[in-house]
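Sequence plus predicted model, see below.
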Amino acid sequence: MSAAAFAMVQLGDLIGRQLEPLLLDETVEWERELDWDFSRSAELVRHFTDTKSLAGAALLDRGEVVGYGYAVIEEHKALVGDVYMRPGWRTQDAEVRLFGTILDALTGMPGLRRIESQLMLLDPAVGEALRRTRPITISERMLMSIPEPPMWRAAKAPGRFRIEGWSEHHQELAATVIALAYAHHVDSRINEQYLSVAGARRFLSNIVQYPGCGTFFRQGSMVAFDARGGWVAGMVLASMVAPRTGHITQLCVTPQAQGTGLGRELLQRSMDALYRHGAQRVSLTVTAANRPAVELYRSTGFREMRRFLSYTWDGK
């Protein structure tokens, strides 16, 4: 069926129950393709659709929802949280029409200055098609994973650093690490929250408190300090995204600690904790242009699962 044959409606015109078949398809696909439990996110989508809290659109085939996408708007920025077409109706034209409609609505909103999105299930060809007609910037990202525990020796912290398990009082220090680590970094062009301590604080709050990146795993989350001066030097955060899948949600070290082996040490400690907890696979995402990080992960045993795109738009 041609994409033009689908009826386009506002997400606010629907109720959560109408999304049930689509969300079931999406939950199955997230598990099959990504080893990720999407069910908690699906519950939130149903709830916020019922409360009319999401900006977005849906495609209908004879009244049945076959595709949808939504955005969350905070002050001057919109985050496109999902764009998904059910497999039986999925074509590139349909995905381009759906995502393009959402982008056009957002870019036309007064006061909106930025749009960000990372969509792991969306075909990168959709982003390439949209870039030809809309002023968006795309960056290639990778989902990497290790299917089983690697054979390495028990981790030992470099003598220069002291590593502590995660506690709530570390959140402000961790925000400082993010802002320092991503200054002038390629990833700060993808996620503007990396550019300031205040933005990093909001990013951490989302990771720790909300289920979009799985269930925060405290035992695999740590903060490192330079033992000589007591300064915060690095951090790692982990989540369980499925009963047997762990995910490294954040790993970074300050510029002064780069090249010391601290990043590898934090990664190994976090992975050890995930495997002891019962994870059978650990995954992470990385920007393809971030070659030092990609090389670190590959040398640790991570292998590429799939490529996807991040999307940004900056208003004038």
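Okay, I see it.

helices and strands around the helix or strand bottoming out on mean pLDDT in the chain, which ones?
When each helix and strand of the chain is scored by mean pLDDT, DSSP states H and E, helix 197-209 comes last, with a mean of 83. Judged by 3 or more CB pairs under 8 Å, 6 or more residues apart in numbering; DSSP states H and E, helix 197-209 is in contact with helix 171-181, strand 215-216, strand 232-242. Heads up, the C-betas are built off the backbone N, CA and C, glycines and all.

Which helix or strand lies directly C-terminal to the shortest one?
Counting by DSSP states H and E, the next helix or strand C-terminal to strand 215-216 is strand 222-226.

outside of that next one, which residues touch it?
157, 160-166, 170, 173-174, 177, 231-236, 253, 256-257, 262, 265-266, 269-270 (CB atoms under 8 Å, 6 or more residues apart in numbering).

So among those, which ones count as buried?
157, 161, 163, 166, 170, 173-174, 177, 232-236, 253, 257, 262, 265-266, 269-270 (16 or more other CB atoms under 10 Å).

re earlier: next, the buried residues of the least confident helix or strand of the chain.
So helix 197-209, judged by 16+ other CB under 10 Å, has buried residues Gly199, Ala200, Arg201, Phe203, Leu204, Ile207, Val208.

ok, the nearest residue to the first one once chain neighbours are set aside - contacts?
It refers to Gly199. Spatially, and ignoring its direct neighbours in sequence, Gly199 is nearest to Gln193 (3.5 Å; CB to CB, 6 or more residues apart in numbering). For Gln193, the contact set (CB under 8 Å, 6+ apart) comprises Gly199, Ala200, Arg202, Phe203.

Among those residues, which pair sits farthest apart?
Spatial extent of the contacts of Gln193 (CB to CB) is set by the pair Ala200 and Arg202 at 7.4 Å.

Need the contact partners of the helix or strand hosting Met142.
Assessed by DSSP H and E, Met142 sits inside strand 137-146. Outside of strand 137-146, the residues within contact range by CB under 8 Å, 6+ apart are 34-35, 118, 120, 124, 127-128, 131, 186, 189-190, 271, 281-289, 294, 297-298, 300-314.

Please, a ChimeraX command that selects the buried ones among those residues?
Buried members of the contacts of strand 137-146, defined by 16+ other CB under 10 Å, are picked up in ChimeraX with:
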select :34,35,118,120,127,189,190,271,281,282,283,284,285,286,287,294,297,300,301,302,305,308,309,310,311,312,313
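
before we move on, back to that, okay, now the sheet partners of the strand holding Met142, with direction.
strand 281-287 (antiparallel), strand 303-314 (antiparallel) (DSSP bridges).

Show the average pLDDT along it.
Throughout strand 137-146, pLDDT has a mean value of 96.

what sits opposite the closest residue to Met120 other than its chain neighbours in the beta ladder?
Counting by CB to CB, 6+ apart, Met120 lies nearest to Phe308, which is 4.7 Å off, once chain neighbours are set aside. For Phe308, the beta-bridge partners are Arg141 (DSSP bridges).

Next: Gly246.
Under the criterion used here (DSSP bridges), Gly246 is bridged to Met240, Val282.

Surely it is in contact with Arg276?
No. Using CB atoms under 8 Å, Gly246 makes no contact with Arg276, being 10.3 Å away.

So the two - more neighbours on which side?
Using other CB atoms under 10 Å, the more surrounded residue of Gly246 and Arg276 is Gly246, with 29 against 11.

Just the pLDDT at the more buried one, thanks.
Confidence score, pLDDT, at Gly246: 96.

Begin at 3, not 1, for the rest of this chat.
Okay, using 3 as the starting number, the last item reads as Gly248.

From His78, how far out is it?
Remark: distance between Gly248 and His78 (CB to CB, to the nearest Å) = 34 Å.

and if you look at Pro137?
17 Å.

residue ranges for the helices of the chain, please.
Taking DSSP state H to define them, one finds helices in the chain at 22-36, 41-52, 94-109, 126-133, 173-183, 199-211, 264-279, 293-302.

The third one: which residues count as buried?
For helix 94-109, the buried set under the neighbour-count rule, 16+ other CB under 10 Å, comprises Ala96, Glu97, Val98, Arg99, Leu100, Phe101, Gly102, Thr103, Ile104, Leu105, Ala107, Leu108.
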